[in-house]
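*Asks:* quick check, what structure comes out for this input:
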Amino acid sequence: MTQSAPKSTSQAHANPWRFCIAPMLDWTDRHYRFLARQLSRHARLYTEMVTTGALLHGDIERHLRFDPAEHPVALQLGGSDPEALAKAARIGAEWGYDEINLNVGCPSDRVQNGAFGACLMARPTLVAECIAAMQETVDVPVTVKSRIGIDHQETYEEFREFVDIVAKEGGADVFIVHSRKAWLKGLSPKQNRDVPPLRPEFATRLKQERPDLTVVLNGGLTGIDSMQSALDEVDGVMVGRAAYQNVGLLAEIDAALFGDERRVDRLAALQAYRDYAAAEIERGTRLPTLIKPILTLFQGKPGARAYRRHLSEQAPKRADDPTVIDEAIELLRWR
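*Replies:* A predicted model of the protein is given here:
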C-alpha cells in the first residue's frame, strides 16, 4: 500500500481542518464557542446540529446568532431533503458561517425518525444528492461528518464505497470520520459513543487510498499525544468530550499542533469571557447557562474545586450577576 507523501510543517498548519472541536448537542453553543476561541486562535469550531426544519420554520436568530470572534465556525445541519438542505445552507452562508457540515452520524431515535443522521449511511446516493444541492447554493465548503458504518456494516470496503459515492457523485472532498460504527437499534446515543469499538484504521486507510480527500479523524482522541500521533496519518483531528470535560486542554492546542508559541493565558481568557457574559446577561441570558463552559477551565489546578463549587452554587441564586465569576476567580490559587 502506498503511503501519501508527508506534509511539510507549513502545509499542515495551513490546513483549515487540522484541529476541530466536534459539534455536540447541549455543549457547543455560542457561549462555549466564544470561550474556545479565547483559548485557541486556530481551532475550527462547530455548532450543535441544527435541523433544516428548525431553520426553515423556526427562529433563525436563536439558532444561528454567533459572535464574530468565533471565526472560523461551521454550521452543522441535520436533514435528508436536498432542497431543504440547500435552502438551510444558503441561510447559514448568509449569516456568515465558514462551512456547512452535513450530519451523517447521529444515532438518536429522534434523528432516525426524521430519516437523517447516521441512518443516511445506508443511502449514500441520497447523501451525494444532498451535498451536491448544497454546493450548488453556497460558496463555502460543504463537508460530511459520518460514522464508519451502521448496524451490520462491518467492513472497510463498505465504508469506502459510501465515501466514494458521496465524493464522486456529490463532490464532497472533506470527510470527518467518527471512527465508531453506530447501532441504530438497541443502543442509546450515549452507548453509541462508547460501546462500538474504535476503528481509526478506517480513516487512516482512507487517507492512504484517497490522498485527494481531506480526512479528519474523530473519536478516542483525549490528549495532545494522541492528536499528534493521528496527524502523522490524517489531515486533521476532531475532539469531542475531551474538549468540554477539560476545556483548559484547548490552551495547549496552538503551541502543540500549530507551532504557535504565543502564550495562552487562561485567566485572561476567563476575563474576556466574563465581559462577554456581562453583555449576554444584559441581553437576557441567565448566568447558569453562561457558567457551563467555564466550569472545567482550571481542572487539576490549585483552587479549581472551590472555583467550580462557587460558580455552581451561586449562579442559580444570582442569575443576573456576573460578579459571581469575579468571586470565583479570587478563589483560584493558580496564577
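
*Asks:* Three-state assignment for D260, please.
*Replies:* State at D260, reduced to three classes by DSSP: H, G, I helix; E, B strand; the rest coil: coil.

*Asks:* please apply the same query to A36.
*Replies:* Criterion first, three-state DSSP; result for A36: helix.

*Asks:* for it, the count of nearby residues, please.
*Replies:* Look at A36: counted by other C-beta atoms under 10 Å, it has 22 neighbours. In short, each C-beta sits where N, CA and C put it, glycine included.

*Asks:* how close does T214 get to P141?
*Replies:* T214 is 9 Å from P141, where distance means C-beta to C-beta, to the nearest Å.

*Asks:* let me fix that: M24
*Replies:* Per C-beta to C-beta, M24 is found 21 Å from P141.

*Asks:* give me the residues contacting the lengthiest helix in the chain.
*Replies:* In the chain, assigned by DSSP state H, the helix with the most residues is helix 266-282. The contact list for helix 266-282, computed with C-beta atoms under 8 Å, 6 or more residues apart in numbering, reads 31, 34-35, 38-39, 67, 248, 251, 285, 287, 290-291, 293-294, 297-298, 320-322, 325-326, 329, 332, 335.

*Asks:* could you do stretch 62-69 as well?
*Replies:* Taking C-beta under 8 Å, 6+ apart as the rule, stretch 62-69 contacts 30, 33-34, 37-38, 47, 50, 54-55, 73, 75, 91-92, 95-97, 276.

*Asks:* is it true that N103 touches L75?
*Replies:* No. Taking C-beta atoms under 8 Å as the definition, N103 is not a contact partner of L75, at 10.7 Å.

*Asks:* more crowded one of the two?
*Replies:* Counted by other C-beta under 10 Å, N103 and L75 do not tie: L75 has more neighbours, with 27 against 22.

*Asks:* one step back: pull out the buried members of the contacts of stretch 62-69.
*Replies:* 30, 33-34, 37-38, 47, 50, 54-55, 73, 75, 91-92, 97, 276 (16 or more other C-beta atoms under 10 Å).

*Asks:* mind checking which of those residues land in strands?
*Replies:* Those of the buried ones among the contacts of stretch 62-69 mapping onto strands are V50, V73, L75, per DSSP state E.

*Asks:* tell me the bridge partners for the second one.
*Replies:* According to DSSP bridges, the residues that bridge with V73 are L45.

*Asks:* need the contact list for it.
*Replies:* R33, R44, L45, Y46, T47, F66, Y97, D98, E99.

*Asks:* got a markdown table for those, with pLDDT too?
*Replies:* Formatted as a markdown table, the contacts of V73 follow (pLDDT from 0 to 100):
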| residue | pLDDT |
| --- | --- |
| R33 | 98 |
| R44 | 98 |
| L45 | 98 |
| Y46 | 98 |
| T47 | 98 |
| F66 | 97 |
| Y97 | 98 |
| D98 | 98 |
| E99 | 98 |
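
*Asks:* domains in this structure, by residue range?
*Replies:* Domain segmentation of the chain under automatic domain parsing yields 9-258, 266-330.

*Asks:* mean pLDDT lowest where, among those domains?
*Replies:* Of all the domains of the chain, the minimum mean pLDDT falls on domain 9-258 (a mean of 93).

*Asks:* how far off centre is that domain?
*Replies:* Between the centre of domain 9-258 and the centre of its chain there are 6 Å (C-alpha atoms, centre = their mean, to the nearest Å).

*Asks:* single out the most deeply packed of the domains of the chain.
*Replies:* Ranked by mean neighbour count under mean count of other C-beta atoms under 10 Å, the domains of the chain are led by domain 9-258, which reaches a mean of 19.

*Asks:* mind listing the strands for this structure?
*Replies:* 19-21, 45-46, 50-51, 73-78, 99-104, 142-146, 174-178, 214-218, 236-239.

*Asks:* got those strands as a markdown table, with distance to A84 columns?
*Replies:* Shown next, in a markdown table, are these (distance: least, C-beta to C-beta, whole Å):
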| stretch | distance to A84 |
| --- | --- |
| strand 19-21 | 25 |
| strand 45-46 | 20 |
| strand 50-51 | 9 |
| strand 73-78 | 9 |
| strand 99-104 | 12 |
| strand 142-146 | 14 |
| strand 174-178 | 22 |
| strand 214-218 | 25 |
| strand 236-239 | 26 |
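
*Asks:* which one of those strands lies closest to A115?
*Replies:* The minimum distance between A115 and these falls on strand 73-78, with 10.4 Å, by C-beta to C-beta.

*Asks:* what angle do the closest one and strand 142-146 make?
*Replies:* When axes from the mean of the first three to the mean of the last three C-alpha atoms, to 10 degrees is applied, the directions of strand 73-78 and strand 142-146 differ by 60 degrees.

*Asks:* render the CA-only coordinates of strand 73-78 in PDB, please.
*Replies:* What follows is strand 73-78, C-alpha atoms only, in PDB (Å, rounded to 0.1, in the frame of the first residue of the first chain):
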ATOM      1  CA  VAL A  73     -17.000  28.500  12.600                       C
ATOM      2  CA  ALA A  74     -19.000  25.800  10.800                       C
ATOM      3  CA  LEU A  75     -22.800  25.200  10.800                       C
ATOM      4  CA  GLN A  76     -23.800  21.600  11.200                       C
ATOM      5  CA  LEU A  77     -27.100  20.700   9.500                       C
ATOM      6  CA  GLY A  78     -29.300  17.700  10.000                       C
END
